[in-house]
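**Q** Provide a 3D model corresponding to the input given below.
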Amino acid sequence: MKKLESSFANMVIVLTIITVIAAACLGAMNNLTAEPIAASKKAKQEAAIKAVLPEFTAVDEVAIVNEQKIFRAYNANNELVGIAIETKELGFGGDITTMVGFDANGSIVDYSLLQHAETPGLGSKLTDWFKVKSDIRGAGADKMPLRVSKDGGEYDAITAATISSRAFLNSINKAHETYKIALGETPSVDAWSGATTQQSEIELTTDTITANDTTAIDTLSETYVQIDSLNP
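**A** Okay, here's the model as predicted:
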């Protein structure tokens, strides 16, 4: 086989061929592993849902509420038994992702740590710390928001990992707010924004209405009452 002449053009050709072959190999490997990885993530998610909720017979497809994934679970009589929420919060080393389950009364059933990037040996304690050392299970609305003792709360932080502990509890608090929104107990952000915009428009309108226009004033009063009813 004739040896290629050492030139810039030949070097470019060889490097291009190598790059194309490498890209093709990576693409093929990605296609081979994508499905197993997706299946593994789904299985882990389903296991986490089962672990954090009371016994159920059916679960809804994932829904997005308050930028979090929620899963509503029902018994054989199609009654809601609880809601599992995949929640995320920035910790010391990165995002802490947790599946937390609430029963129909809004109390924490259990949680499952899905992913974290905290300090090895410390962050990993989140898996069981708030079940064994400082149990948050069973906490209801009267306990919210959950806080570590350093912040005036009743839950002990992991030794030398206060930031991770605080982030974890904040993620649980966010999940509880999402739970209330999902049940309609708390207006969503969009609802509040809409009410604020409408009220601002009404306030501007009152500047152009004379005191003699009683019909318009009565209409505005009724509208204010409707807006006030949105406030808890």
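
**Q** Mean confidence (pLDDT) on whatever helix or strand residue 36 lives in, please.
**A** Using DSSP states H and E, the element containing residue 36 is helix 8-52. In this model, helix 8-52 has a mean pLDDT of 78.

**Q** ok, now stretch 144-152?
**A** 94.

**Q** Run through who's touching that stretch.
**A** For stretch 144-152, the external contacting residues (CB atoms under 8 Å, 6 or more residues apart in numbering) are 136, 139, 153-157, 162, 165-166, 169-170, 172-173, 176. All C-beta atoms are positioned from the backbone trio N, CA, C, and that covers glycine.

**Q** Give me the buried entries from those.
**A** Among the contacts of stretch 144-152, the ones that count as buried by 16 or more other CB atoms under 10 Å are 136, 139, 153, 155, 157, 162, 165-166, 169-170, 172-173, 176.

**Q** how far does the helix holding residue 36 sit from the chain's center?
**A** 27 Å (CA atoms, centre = their mean, to the nearest Å).

**Q** same question, stretch 94-109
**A** Using CA atoms, centre = their mean, the offset of stretch 94-109 from its chain centre is 10 Å.

**Q** same check, this time on stretch 77-85
**A** 18 Å.

**Q** Confidence-wise, which helix or strand of this structure is lowest on average?
**A** helix 189-206 (a mean of 38; mean pLDDT, DSSP states H and E).

**Q** could you say what helices and strands the biggest strand by length in the chain packs with?
**A** For the chain, the strand with the greatest residue count under DSSP state E is strand 80-90. On a contact count with 3 or more CB pairs under 8 Å, 6 or more residues apart in numbering; DSSP states H and E, strand 80-90 meets helix 8-52, strand 68-74, strand 95-103, helix 162-182.

**Q** Would you mind giving the orientation angle of the longest one with respect to strand 95-103?
**A** So that's helix 8-52. In terms of direction (axes from the mean of the first three to the mean of the last three CA atoms, to 10 degrees), helix 8-52 departs from strand 95-103 by 30 degrees.

**Q** Mind giving me the packing neighbours of the next helix-or-strand element following helix 8-52?
**A** Sequence-wise, the next helix or strand downstream of helix 8-52 (DSSP H and E) is strand 58-59. In terms of contacts (3+ CB pairs under 8 Å, 6+ apart), strand 58-59 is packed against strand 68-74.

**Q** Give the buried residues for the strand it packs on.
**A** 68-73.

**Q** can you list the residues that contact it?
**A** By CB under 8 Å, 6+ apart, strand 68-74 touches 49, 53-54, 56-60, 62-64, 80-88, 174-175, 178-179, 182.

**Q** Okay, the residue nearest to residue 166 when sequence neighbours are not counted and residue 33: tell me how far apart.
**A** In space, and not counting its chain neighbours, residue 166 is closest to residue 148: 5.5 Å by CB to CB, 6 or more residues apart in numbering. As for residue 148, its distance to residue 33 is 40 Å (criterion: CB to CB, to the nearest Å).
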